[in-house]
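>>> Sequence first, then the predicted structure:
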Amino acid sequence: KNQVEQSPQSLIILEGKNCTLQCNYTVSPFSNLRWYKQDTGRGPVSLTIMTFSENTKSNGRYTATLDADTKQSSLHITASQLSDSASYICVVSASSQAGTALIFGKGTTLSVSS
Amino acid sequence: TAGITQAPTSQILAAGRSMTLRCTQDMRHNAMYWYRQDLGLGLRLIHYSNTAGTTGKGEVPDGYSVSRANTDDFPLTLASAVPSQTSVYFCASSAGNTGELFFGEGSRLTVL
């Protein structure tokens, strides 16, 4: 069964600190993996996409990694800011002749405090 | 650019009543989706439409119906609301093969 597991479920860090969010997946056939950021009361917004051949991709203070062998991805946030407080959702895409399925993780809620 | 527009933003509904959540996009995306988001369960797919004129069932379709008369609009209807349908509903669209979803701001529905 296709599954996406995220950890931790929630995280509290001090402003300025770094943190890493984890996403483990068992999805086949793997097409790509996206990280979304969802601010409170808003819809999710895509942060980055990782394809099979990509190991690392950065978007400002956000750096995503992908290990296709171990089926793990991480999202590293550097020098956190209060505006980073949000839920982060990992979504894995599985594409086949039957179509494309998106498998969602349940998200990690990050709280950045001053 | 407006992107995805959902209405209403919030609604309180008596059980047994019907309700239609509206969703309009201005990006000319072929695919559109309805998700519900519940604490501890994440986003779950209710119904989807790969192109105008076609719809399909997602993970949790019971109690909901959709239509896709044109590219831009994808309304979600609850024929007879029940308290378990209390949730935040998100409409989304996507284009191409990358699968990036563009979400609306959500509609918070409370069924009493």
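Yep, that arrived.

>>> What residues does chain A have near chain B?
For chain A, the contact set with chain B under Cβ under 8 Å from any Cβ of the partner chain comprises A:31-32, A:34, A:36, A:41-46, A:49, A:89, A:91, A:93, A:95, A:99-100, A:102, A:104-107. In this view, the C-beta of every residue, glycine as well, is placed from N, C-alpha and C.

>>> Quick one: buried ones out of those residues?
Using 16 or more other Cβ atoms under 10 Å in any protein chain shown as the burial test, the residues of chain A next to chain B include A:31-32, A:34, A:36, A:43-44, A:46, A:49, A:89, A:91, A:93, A:100, A:102, A:104-107 as buried.

>>> so of these, which ones are in strands?
Counting by DSSP state E, the part of these found in strands is A:31, A:32, A:34, A:36, A:46, A:49, A:89, A:91, A:93, A:100, A:102, A:104.

>>> Using a markdown table, please lay out those together with pLDDT and distance to residue A:9.
As requested, those are exported to a markdown table (pLDDT from 0 to 100; distance: Cβ to Cβ, whole Å):
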| residue | pLDDT | distance to residue A:9 |
| --- | --- | --- |
| A:31 | 90 | 26 |
| A:32 | 92 | 24 |
| A:34 | 96 | 20 |
| A:36 | 97 | 16 |
| A:46 | 95 | 22 |
| A:49 | 91 | 24 |
| A:89 | 98 | 12 |
| A:91 | 96 | 17 |
| A:93 | 92 | 23 |
| A:100 | 82 | 27 |
| A:102 | 93 | 21 |
| A:104 | 96 | 14 |
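
>>> Among the residues you listed, find me the one that's closest to residue A:5.
Nearest to residue A:5 among those is residue A:104, at 11.0 Å by Cβ to Cβ.
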